[in-house]
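Undergrad: have a look; sequence and predicted model below, questions after that.
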2 protein chains.
Amino acid sequence: MKKNKAITSRDVDFAQWYTDIVRNAKLASYSNVKGFTVFEPNGYAIWENIQAVADKRFKELGHQNIMMPMLIPESLLNKEADHIEGFAPEVAWVTHGGNKKLEERLCVRPTSEVLFCDYYKDVIKSYRDLPKLYNQWCSVVRWEKETRPFLRTREFLWQEGHTMHATAEEAMKETDQMLEVYREIYEDYLAIPVVAGRKTESEKFAGADYTLTVEAMMYNGVALQSATSHYFGNGFAKAFDVKFVNKNNEEEYCYQTSWGLTTRSIGGLIMCHGDDNGLVLPPRIAPRKVAIITYSDDLLEKAYEIRDMLNKGGIVSYVDDSEKSAGFKFAEAEVQGIPFRIEIGKRELENNKIVVARRDNFKKEEVSLDTDLVTYFKEQIDVMHNDMFNRAKKRMEEKTYVCHNMDEVKEVMENHPGFIKAMWCGDEACEEKFKEIRGTKSRCIPFEQEKVDTKCVCCGKEAKDMVIWGIQY
Amino acid sequence: MKKNKAITSRDVDFAQWYTDIVRNAKLASYSNVKGFTVFEPNGYAIWENIQAVADKRFKELGHQNIMMPMLIPESLLNKEADHIEGFAPEVAWVTHGGNKKLEERLCVRPTSEVLFCDYYKDVIKSYRDLPKLYNQWCSVVRWEKETRPFLRTREFLWQEGHTMHATAEEAMKETDQMLEVYREIYEDYLAIPVVAGRKTESEKFAGADYTLTVEAMMYNGVALQSATSHYFGNGFAKAFDVKFVNKNNEEEYCYQTSWGLTTRSIGGLIMCHGDDNGLVLPPRIAPRKVAIITYSDDLLEKAYEIRDMLNKGGIVSYVDDSEKSAGFKFAEAEVQGIPFRIEIGKRELENNKIVVARRDNFKKEEVSLDTDLVTYFKEQIDVMHNDMFNRAKKRMEEKTYVCHNMDEVKEVMENHPGFIKAMWCGDEACEEKFKEIRGTKSRCIPFEQEKVDTKCVCCGKEAKDMVIWGIQY
């Protein structure tokens, strides 16, 4: 495998490697607004494609988009006790508007549960108004101290779905369903395998009854909480007085969910698939699928012809016809993670052939120009997707360890971090013990349970659940 | 024409009519955050369709999307003198983040010229980096005192394009081109005729060299500034030090444009096309084209069959199968402005027919089920679009008056407001005189000039340009 000199090796310094990828693939850059980044065209285009996939699924499942205000009055944020406790320390406050001090300060939304509840209380009257299945695409602000592009920034982009239901069962079903949508997006589009499960009490969302999560593993074994779906019961509904009249003409509180997917997913795909030559984009989500590069300018006509044919067939392609050398163009397409590269050379063209190189494994093959290239790339996109998914899955399996005591946990996390499968008694004190080992936390109680032991890995008391543990981003 | 009792007649009280439409068509509602509205599903879906059309055109013309921070440090906003003077009085200030007072306060972006300049100064080095053609879709905040949904709210949604060029000519061409895109969107998709022209010096954007605008006329003769495209010369580039090295290896400042289209366009389509029965959606932009309503439940199967066929053919349709009467459903589809209604009745169905009613002119026709309905509606969408456009254009022409003196101006604006064509000497004092007449302002110096007089309508001195004047939203 070749090596791009502008990029630190991921095995030498993973954090620096990540920074190098983000900068060299032109995904994002730090702005001069502290803690805020600029989503540059290559990064934002990935988000647009993730949005397109997610938005389509949401709508197929009956959801509608809506837009709530970006600012929340302090009194409204304060209405649900657990929620304000969770978010108050990390919000930004607007205190002046139009040169006047505001009577009540407003925070820039860190999440919009309270705004949706405040709206729903006015528009939901009867069971006929339920369910309400609303979603919004927006940015939110959380005043993080340390920031890294896509992973932790003071502003990030996301969608937040907020639904209201007549029964707890229906709301819980929605919570499950939306987690499954997130699993699909990660596995079927981003080629990132995930473990789906439930967060422990101490790790759940502030104010939720419970939180479901999909957890992914990055190249270095560190965990990424990839998307979450929350069931609220009727706790917020009671705090905000969101009621409906049921079929028996009785008043009841609504049951609520919320669920979110963020631009952190871009950080996930970088760290799951990238290599020492740059970004490797999962081909189904890649904004541009094929880079077409000629060895000399007199072959450009053929390049444009192939580009137009591919674009017409829905395979987004471009010709790099800039004044650089072919080698330089190869490296640039590589660092930007373009899934396929078509090389057009004089000799191959004389034999009615082109060369197609795959970004993920660097394999090259000669392809006859008699081939239906649109069909060829459609198939190759699936092949590459599956290869990338399987490679990541194998790595996740290889870096998942069963531990029976805390010494084993320590050995894993200090030497070769990954996921740990270990039994847990359900006591928060044991969870706290894990944190002493490089901040290891429970990732989730996976839906697919395995009884790897009978005793709690920490205290030795009778175990309740098998838990996945990991160091997190 | 029938009359919906929930809606005030537009001829009786246009402002109340507007409020009634927004509420009854479920487009938006006031939130409990003062001055901020909730964009409800019916309103947001219109915006999504406008976005889709605009975004496609922007990308066809080589623009890329990007996302800048939502907050701007005060020192950055202050860098361009005219700009800060224009915006400082109407911004919201964030003074605290994460429970700490910030060293420097940050405003919520009212527009992002300064952020783009601050970014461009870092990434533009050579003529090879030009042009930069970036756009972002986001919401902005301006601390308005009086608010009306879509027309004037403290937060609104928009796109803001910000481009940098190597030459003034190229930047001016971009400014023209993007105004033309806006004209297309208004005329070809929203069926709203516009007058395109240049703003006077006193009405141009804060910091721009000049501002181009498309101006529309609402049902009541009031003008709506519908979208603007600004040429900045290199004024901001100098303030922000945005330079490039040209082909002769000399440093030069970049030439800049910006251009924006907002959710105000939704207010425009309401006030241009709506009637006393509710919203009338221009069919090309309508999120749902056809409402299918049966006279009895036993006909629902046919309704679903037609719906599925239309949806498959790209004509977004829905069946109202709720427990309401057919008459109630008709009224609801009408108030929401659905362009076409299919009525399915027993007798017609026995004759292999359905009834199609048009929302804009209430005309009904029987259509045989042997018809290719997808093709039928594709054609009808164009017919209805053209009819709506021509109706609005005729009204605009009828309500456009040539005036030769201020008494004539007064007569028009006080009795039957509309556009006034009148000659102007170019002196700001004359513009000020117009404001005394119900706040009449210059809308634009239209590209299509007519010499309707030789003297200035106000001072009688030699006239320079023909100006369109109007009362504005």
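TA: That came through fine. It should be emphasised that the depicted structure is a prediction, and the values quoted were computed from it without experimental measurement. Numbering: from 1, shown residues only, chains lettered A, B, ... in the order given.
Undergrad: so what does the helix or strand hosting residue A:171 touch, helix or strand wise?
TA: Element membership for residue A:171, per DSSP states H and E: helix A:168-184. Secondary structure elements in contact with helix A:168-184, counted by 3 or more C-beta pairs under 8 Å, 6 or more residues apart in numbering or on different chains; DSSP states H and E, are helix A:41-60, strand A:155-165, strand A:194-198, strand A:210-217, strand A:223-233, strand A:255-262. Glycine gets a C-beta too; all of them are placed from N, C-alpha and C.
Undergrad: mind listing what the third one pairs with, with the direction of each?
TA: Read that as strand A:194-198. strand A:210-217 (antiparallel), strand A:441-446 (antiparallel) (DSSP bridges).
Undergrad: relative to residue B:381, which of those is closest?
TA: Across the strands paired with strand A:194-198, the minimum distance to residue B:381, taken as C-beta to C-beta, is reached by strand A:210-217, at 41.5 Å.
Undergrad: for the closest one, buried residues please.
TA: Buried residues in strand A:210-217, defined by neighbour count with 16 or more other C-beta atoms under 10 Å in any protein chain shown: A:210, A:211, A:212, A:213, A:214, A:215, A:216, A:217.
Undergrad: quick revisit: could I get the helices and strands packed on helix A:168-184 in TSV, plus columns for mean pLDDT?
TA: Output for those, formatted as TSV (pLDDT from 0 to 100):
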stretch	mean pLDDT
helix A:41-60	98
strand A:155-165	98
strand A:194-198	98
strand A:210-217	98
strand A:223-233	98
strand A:255-262	98
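Undergrad: got JSON lines for the ones you listed, with distance to residue A:394 too?
TA: Below are the helices and strands packed on helix A:168-184 laid out as JSON lines (distance: least, C-beta to C-beta, whole Å):
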{"stretch": "helix A:41-60", "distance to residue A:394": "24"}
{"stretch": "strand A:155-165", "distance to residue A:394": "30"}
{"stretch": "strand A:194-198", "distance to residue A:394": "15"}
{"stretch": "strand A:210-217", "distance to residue A:394": "11"}
{"stretch": "strand A:223-233", "distance to residue A:394": "17"}
{"stretch": "strand A:255-262", "distance to residue A:394": "25"}
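Undergrad: of the ones you listed, which is nearest residue A:377?
TA: Of those, nearest to residue A:377 by C-beta to C-beta is helix A:41-60, at 16.3 Å.
Undergrad: restrict stretch A:18-34 to CA atoms and write it as CSV.
TA: Extracted in CSV, the C-alpha atoms of stretch A:18-34 (Å, rounded to 0.1, in the frame of the first residue of the first chain):
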residue,chain,number,x,y,z
TYR,A,18,-7.8,11.9,11.8
THR,A,19,-6.9,15.6,11.7
ASP,A,20,-4.8,15.1,8.6
ILE,A,21,-7.6,13.3,6.8
VAL,A,22,-10.2,16.0,7.7
ARG,A,23,-7.9,18.7,6.4
ASN,A,24,-6.4,16.9,3.3
ALA,A,25,-9.7,15.5,2.1
LYS,A,26,-11.2,19.0,2.5
LEU,A,27,-14.0,17.9,4.7
ALA,A,28,-14.0,20.6,7.4
SER,A,29,-11.8,23.3,8.8
TYR,A,30,-11.6,25.1,12.1
SER,A,31,-13.2,28.5,11.8
ASN,A,32,-12.1,31.6,13.6
VAL,A,33,-15.1,31.2,15.9
LYS,A,34,-13.7,29.2,18.7
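Undergrad: so is that stretch next to chain B?
TA: Yes - Stretch A:18-34 is in contact with chain B by C-beta under 8 Å from any C-beta of the partner chain, via A:29, A:31, A:32, A:33.
Undergrad: what are the ranges of the helices in the stretch 301-450 of chain A?
TA: A:326-335, A:346-350, A:373-398, A:406-415, A:428-435 (DSSP state H, counting those that start in this stretch).
Undergrad: can I get the strands paired with strand A:194-198 in TSV with distance to residue A:272?
TA: Putting the strands paired with strand A:194-198 into TSV (distance: least, C-beta to C-beta, whole Å) gives the following:
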stretch	distance to residue A:272
strand A:210-217	6
strand A:441-446	15
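Undergrad: figure out which of those strands is closest to residue B:130.
TA: strand A:210-217 (39.2 Å).
Undergrad: give me the contacts around that closest one.
TA: A:175-176, A:179, A:182-183, A:186, A:192-199, A:203-205, A:223-231, A:268, A:272, A:392, A:395-396, A:399-400, A:418-419, A:443-444, A:468, A:470 (C-beta atoms under 8 Å, 6 or more residues apart in numbering or on different chains).
Undergrad: one more: stretch A:440-447?
TA: A:195-200, A:202-203, A:213, A:215, A:223, A:225, A:409, A:413, A:419-420, A:424, A:431, A:434-435, A:465-472.
Undergrad: one more: stretch A:112-123?
TA: So stretch A:112-123 is contacted by A:68-69, A:72, A:76-77, A:79-80, A:83, A:109, A:129, A:132, A:134, A:136, A:138, A:140, A:160, A:162, A:164, A:207, A:232, A:236-237, A:239-243, A:254, A:256, A:258, B:29, B:31-33, B:38 (C-beta under 8 Å, 6+ apart).
Undergrad: do the same with stretch A:424-436
TA: A:200-202, A:406, A:409, A:440-442, A:445, A:456-459, A:461-467, A:469.
Undergrad: go again with 6 Å.
TA: Residues outside stretch A:424-436 that contact it (C-beta atoms under 6 Å, 6 or more residues apart in numbering or on different chains): A:202, A:440, A:442, A:456, A:458, A:459, A:461, A:463, A:464, A:465, A:467, A:469.
Undergrad: is the lowest-mean-pLDDT helix or strand in chain A in proximity to chain B?
TA: Lowest mean confidence among the helices and strands of chain A (mean pLDDT, DSSP states H and E): helix A:81-87, at a mean of 81. No - if you take C-beta under 6 Å from any C-beta of the partner chain as the test, helix A:81-87 misses chain B, and the best it gets is 10.6 Å.
Undergrad: what about the nearest residue to residue A:207 once chain neighbours are set aside, how many residues close to it?
TA: Leaving aside its chain neighbours, residue A:207 sits nearest to residue A:83 (3.7 Å; criterion: C-beta to C-beta, 6 or more residues apart in numbering or on different chains). Applying other C-beta atoms under 10 Å in any protein chain shown, we find 24 residues neighbouring residue A:83.
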